[in-house]
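Novice: coordinates only, sequence not included:
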């Protein structure tokens, strides 16, 4: 009998539309690979549907809040439905950029200097009075200001002066209750996808992102075809490529990821990679980075999706 | 293994300069996130078409096919059928404007009228004058022709004539191609131009020899107070844009332009090039729909419904919104305009509002120059009174949360002082 896969997509996150696009594409690939696919937009009926349909596994094509912060993962554990991608703890760690960076720093994995401010520390503890310290703390302007927990670079801004900092923080704090101010590393933007887990984890070729002139690879650049240039594999030296791959695997494993993740980095002028974040449910749309990396490695989209779902199905017996 | 440049749109470098810069905005993306069913939307100005009786529309469409099929299914004149232009002339007479059918041209909604006028009048860099804020669709229609848009602030009586006069003085006679105004229940401002201001506007337009474009989609949707004379009824030089979208339904895409004969002749040429002719089927259907008096009952019902929704929104704003906010109290139309202190950024606030399950249109979209960030437009036309009350309550929580943050930043002295925000 064909195995039944619930593809979870949509939901209430700000990345709902991207997720629907990922989910449709994943669903098509799974159908083509011979699975019986149940496409589910995540609503309050999700649990009753999963209980009556009893899928063999769930493919998580959700992005953003509740999809990659551990919420859906925890629910699927409770319902004893194996699912794709990293587990609860890895998702929770990766979703919070500040927590991720603390963890990376502890393991001596390079990540740009940063400070974190929260709505609570601003409102309850007067954190806004310390904005004058930020510049020294992170090594001067420019800086990147971003929400602590949000996907697709929503709410990201580049700030060049102290005067513009408060506004950018207020904007970032509209997307989440925490915001990061991070040293702006000038260099080559890379997205490095990782499949599998542990020492056997396979690192796909890095994808190089060249945003439109003097702009950011922000949400609209990410979702507007033709706005940004991509190169896969990235135009970097073989030594740099090797180092980037080593670090991506290290990040993937340090956060305890399995099946799939995408590590975003910047390679500075000296060839030193800095890790910005790790995504536990990378985009799977026509314009997403992981599918580009797979293609550069001569893998089809269906190969990638099949490999990820097989990993989830293999966990059926073990109870997760 | 070679490196491949990945290209999603291989024509990316081939598009015209004037549209190449148009990108999906973060705000539009947030609205995409807002497509979920539990969202209360104050963002779109969508008419309550569910109140338009489907039997009446079905009968009109059936009559159009059965009785006038050969005309309804055929091409027509570029100016529209004489029957519908006669109907429009009758409708205009009801609001005090005397017109002959030959003074009129039927368009695909008033929106096409905006595009045709811009195409007819504008060279890149030409100055036009609008209210600030103004209808975002007009800004979009105009922007394709790359004008230099000068905004005139409003108060409770509409466009401020002292500011307009100063602007005209600076620009000199014929210094702008036209003055675009929405005198009734302005979109997005919600204010109506007073009779004195209307007269003054026409005086100034005559003095500086600049045509006035009067866009009047909401004129018949008045809830309180007396009807105010359209500019066109006071001056035959005025170019008037009307629409069936609010008195019938936007799905028919039917509007009209009334203009002085030479202008109308030019616009007609432009329209021929744009689409040969409008939809005859829609025109014949509208002609049947407006026979008899059924449409008047429906319009009265629409007005009653919108008034109830306006009341619900104003009551909820009065109850929930903080003293830092000020808002317009429209006598008709679809919109309330809310203004916050200059330090508030309603664009970024939208992300939090979406989290809370409510959306609105951030104010900066209604200006050509990035002003209006501290403002929002709330559309009361579409949601039920209960949903409006709940939506405003949700929004007030977002606003309160934001204001608390702003206060903390201001207490720390780290928010730069801003100019007084947009009206």
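Specialist: Right, received. Where do you want to start? None of these values were measured; they are calculated from a predicted model.
Novice: low-confidence stretches in chain A?
Specialist: Across chain A, residues meeting the criterion (pLDDT under 70) sit at A:152, A:213-217, A:219-226, A:317-320.
Novice: ok, and the closest non-adjacent residue to the most centrally placed residue in it?
Specialist: Centroid-nearest residue in chain A: residue A:279, 1.8 Å away (criterion: CA atoms, centre = their mean). Here the nearest residue to residue A:279 in space, its sequence neighbours aside, is residue A:262; by CB to CB, 6 or more residues apart in numbering or on different chains that works out to 4.5 Å. The C-beta positions use only the backbone N, C-alpha and C, and glycine is treated the same way.
Novice: list the contacts of the helix or strand where the one you found lies.
Specialist: Assigned by DSSP states H and E, residue A:262 belongs to strand A:260-268. With contact meaning CB atoms under 8 Å, 6 or more residues apart in numbering or on different chains, strand A:260-268 is reached by A:84-86, A:94, A:112, A:185-195, A:236, A:240, A:244, A:247-248, A:251-252, A:255, A:273-282, A:289-290, A:308.
Novice: which of these are buried, as a ChimeraX select command?
Specialist: Those of the contacts of strand A:260-268 that count as buried under 16 or more other CB atoms under 10 Å in any protein chain shown are selected in ChimeraX with:
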select /A:84,85,86,94,112,185,187,188,189,190,191,192,193,194,195,236,240,244,247,248,251,252,255,273,274,275,276,277,278,279,280,281,282,289,290,308
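Novice: sitting in strands, which of the contacts of strand A:260-268 do you find?
Specialist: Using DSSP state E, the members of these that fall in strands are A:187-195, A:273-279.
Novice: farthest-apart pair in the residues you listed, please.
Specialist: Greatest spatial distance among the ones in strands among the contacts of strand A:260-268 (CB to CB): A:187 and A:195, at 25.3 Å.
Novice: just the buried residues of the strand holding residue A:262, please?
Specialist: A:260-267.
Novice: ok, of those, which one's closest to residue A:138?
Specialist: residue A:266 (14.4 Å).
Novice: how many residues are close by residue 151?
Specialist: I went with chain A, as the question did not name one. Counted with other CB atoms under 10 Å in any protein chain shown, residues neighbouring residue A:151 total 28.
Novice: switch to chain B, that's the one I care about
Specialist: Neighbour tally, residue B:151, other CB under 10 Å: 23.
Novice: is any residue of stretch B:358-377 near chain A?
Specialist: No - Stretch B:358-377 stays clear of chain A (CB under 8 Å from any CB of the partner chain), getting no nearer than 9.9 Å.
Novice: check which residues of that stretch are buried.
Specialist: For stretch B:358-377, burial by neighbour count (16+ other CB under 10 Å) applies to B:358-368, B:371-377.
Novice: out of the buried residues of strand A:260-268, who's nearest chain B?
Specialist: residue A:267 (14.7 Å; CB to the nearest CB).
Novice: show me where the chain has its helices.
Specialist: All of this refers to chain A. A:16-32, A:46-53, A:71-78, A:88-95, A:97-106, A:119-125, A:131-138, A:165-175, A:219-223, A:238-254, A:289-296, A:301-313 (DSSP state H).
Novice: please go with chain B instead
Specialist: Along chain B, the segments classed as helices by DSSP H run B:17-20, B:26-33, B:54-72, B:82-94, B:109-121, B:136-143, B:161-171, B:195-208, B:231-234, B:261-275, B:280-289, B:294-320, B:346-356, B:385-411.
Novice: find the closest residue to chain A in the stretch 1-150 of chain B.
Specialist: As assessed by CB to the nearest CB, chain A sits closest to residue B:9 within the stretch 1-150 of chain B, at 3.0 Å.
Novice: how much space separates that residue from residue A:40?
Specialist: Residue B:9 is 31 Å from residue A:40, where distance means CB to CB, to the nearest Å.
Novice: what's the end-to-end length of stretch B:68-84?
Specialist: For stretch B:68-84, the first-to-last residue distance is 13 Å (CA to CA, to the nearest Å).
Novice: one more: stretch B:221-233?
Specialist: 18 Å.
Novice: list the buried ones in that stretch?
Specialist: Within stretch B:221-233, the residues that qualify as buried are B:221-223, B:228, B:230-233, counting by 16+ other CB under 10 Å.
Novice: pLDDT check: weakest of those residues?
Specialist: For the buried residues of stretch B:221-233, the weakest pLDDT value sits at residue B:228, with 94.
Novice: could you verify my assumption that that one touches residue B:195?
Specialist: Yes - contact criterion CB atoms under 8 Å: residue B:228 and residue B:195 qualify, at 6.1 Å.
Novice: the residue nearest to residue B:222 when sequence neighbours are not counted: how many residues sit nearby?
Specialist: Spatial nearest neighbour of residue B:222, chain neighbours left out: residue B:332 (4.0 Å); criterion: CB to CB, 6+ apart. For residue B:332, the count of nearby residues is 21 (other CB under 10 Å).
Novice: one more: residue A:126?
Specialist: Using other CB under 10 Å, residue A:126 is surrounded by 12 other residues.
Novice: roughly how far does it sit from residue A:149?
Specialist: 23 Å.
Novice: more neighbours: which of residue B:9 and residue A:40?
Specialist: Legend: neighbour count by other CB under 10 Å for residue B:9 and residue A:40, higher for residue A:40 (23 against 13).
Novice: what residues are up against that one?
Specialist: Contacts of residue A:40 (CB under 8 Å, 6+ apart): A:6-9, A:46, A:49-50.
Novice: residue A:295: which of the residues you listed is nearest?
Specialist: For those, the nearest to residue A:295 is residue A:7 (21.3 Å; CB to CB).
Novice: what bridges to the closest one?
Specialist: Beta-bridge partners for residue A:7, by DSSP bridges, are residue A:39, residue A:59.
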